[in-house]
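>>> Task: produce atomic coordinates for the following.
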Amino acid sequence: MLKSVITVVAAFGVLTGAAQAQNYPNKPVRFISAYAPGGGQEVGLRVIATRMTDAGWPQIVVENKPGGSGVLAAQTMLQAPADGYTVLQCDVTVLALNPSLIKDLAYDPQKDFAPVTMTFSFPSVLVVPANSPAKTIDDLINTAKTKPGGLNYASQGVGSGGHLLGTMFQNSLGKPQTHVPYKGSAAALPDVIAGRVDMLFSSFASAKGHIESGAVRALAVTSKKRMNELPNIPTMTEAKYPDVFFDVWSGLCVPAATPPAVIAAIRAKAVEVLQQPDTIKRMSDAGLYAETSASPDEFRALVKSDIDRLGKVIKDAGVTPQ
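This next block holds a predicted model:
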């Protein structure tokens, strides 16, 4: 008898989820961003929201919840009903870095979240001052290996992408380097331009204007393939340092209990608009690469892989969870 009751309850749950998906979405949807308005990631989310609405969805409201390295945004989504009407812009920080950076993290990125799809990514570019003697990545590597005390490298802060890439670079060289943390790329780049630090791994969007003006020189990119905007700049993999690799990625997630059919509906519309040439161009104009996962499971595997890989880099960097 108990088995029959369980079977009926389970079947009812499946039917309820299917009914939800059939009518989904029939009211405005909230997209939660962990970033303040105007930043590259937030701009990318607004592009997606606009294009999804243009493609037939109801209004999508982007709600900004900056603070706590994305924890506030994550909690906002997880406190909402698991019905697909509150969607989180989940990125590498929220899902892969925070487990190693934050003590007693208020959520479990692998259990509490249902990944929907990646939406975009962007690599970093290694830049040096215009007056640096390093004209190529090989020049910089030779200097890093031979300079007493090694190079000093700027970053956007402790635990930032620039810090992790600097640690990867140091580990690959097997030579010590000196980390100089700043509060973001905007604060670090003036000292790079002035030659007070030797190098910086920066997002292309932040460094683009300075590269184009000649204030800094781009030596390498941290993606697996060359950037369209910098076709003559090699990758760190081409320079024989494949471990110096870090694409900042962003995607969409919902609470783990969200019906699979609702997740599929969100994914289908997001993938549809992210493959449109206009969306790709608008993303590119913001320094972002439109990119989707082949499936939610592929996105989930990326999260697990980066939790392990980047967690080791954070440990190697000597970062203590706060």
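
>>> Moving along the chain from the helix or strand bottoming out on mean pLDDT in the chain, name the first helix or strand you hit.
Using mean pLDDT, DSSP states H and E, the weakest-scoring helix or strand in the chain turns out to be helix 2-22, at a mean of 50. Going down the chain from helix 2-22, the next helix or strand is strand 29-33, by DSSP states H and E.

>>> biggest strand in the protein, by residue count?
Secondary structure of the chain per DSSP state E: the longest strand is strand 113-122.

>>> so what strands line up beside the following helix or strand past it?
The first helix or strand that comes after strand 113-122 along the chain, using DSSP H and E, is strand 124-129. Its sheet considered, strand 124-129 pairs with strand 199-203 (antiparallel), strand 216-221 (antiparallel) by DSSP bridges.

>>> Could you identify which of those is most buried?
Among the strands paired with strand 124-129, strand 199-203 has the highest mean neighbour count (mean count of other Cβ atoms under 10 Å), at a mean of 26. Any C-beta I mention is one placed from the backbone N, CA and C, and that applies to glycine too.

>>> Output it in PDB, but only the C-alpha positions, please.
C-alpha atoms of strand 199-203 as PDB (Å, rounded to 0.1, in the frame of the first residue of the first chain):
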ATOM      1  CA  MET A 199      52.600  42.700 -15.600                       C
ATOM      2  CA  LEU A 200      48.900  42.200 -15.200                       C
ATOM      3  CA  PHE A 201      46.400  39.600 -16.300                       C
ATOM      4  CA  SER A 202      43.400  41.700 -17.100                       C
ATOM      5  CA  SER A 203      40.000  41.200 -18.800                       C
END
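
>>> which residues are contacting it?
Contacts to strand 199-203, defined as Cβ atoms under 8 Å, 6 or more residues apart in numbering, come from residues 40, 122, 124-128, 140, 151, 153-156, 161-162, 165-166, 169, 185, 188-189, 192, 207, 216, 222, 246, 248, 287.

>>> chain center to it: distance?
16 Å (Cα atoms, centre = their mean, to the nearest Å).

>>> what do you get for stretch 293-303?
From the chain centre to the centre of stretch 293-303 is a distance of 14 Å (Cα atoms, centre = their mean).

>>> what's the average pLDDT for it?
On average, the pLDDT along stretch 293-303 is 96.

>>> How about stretch 163-175?
Rounded mean pLDDT across stretch 163-175 is 90.

>>> If you count neighbours, what's buried in that stretch?
Residues H163, L164, L165, G166, T167, M168, F169, Q170, N171, S172, L173, K175 are the ones in stretch 163-175 that count as buried (16 or more other Cβ atoms under 10 Å).
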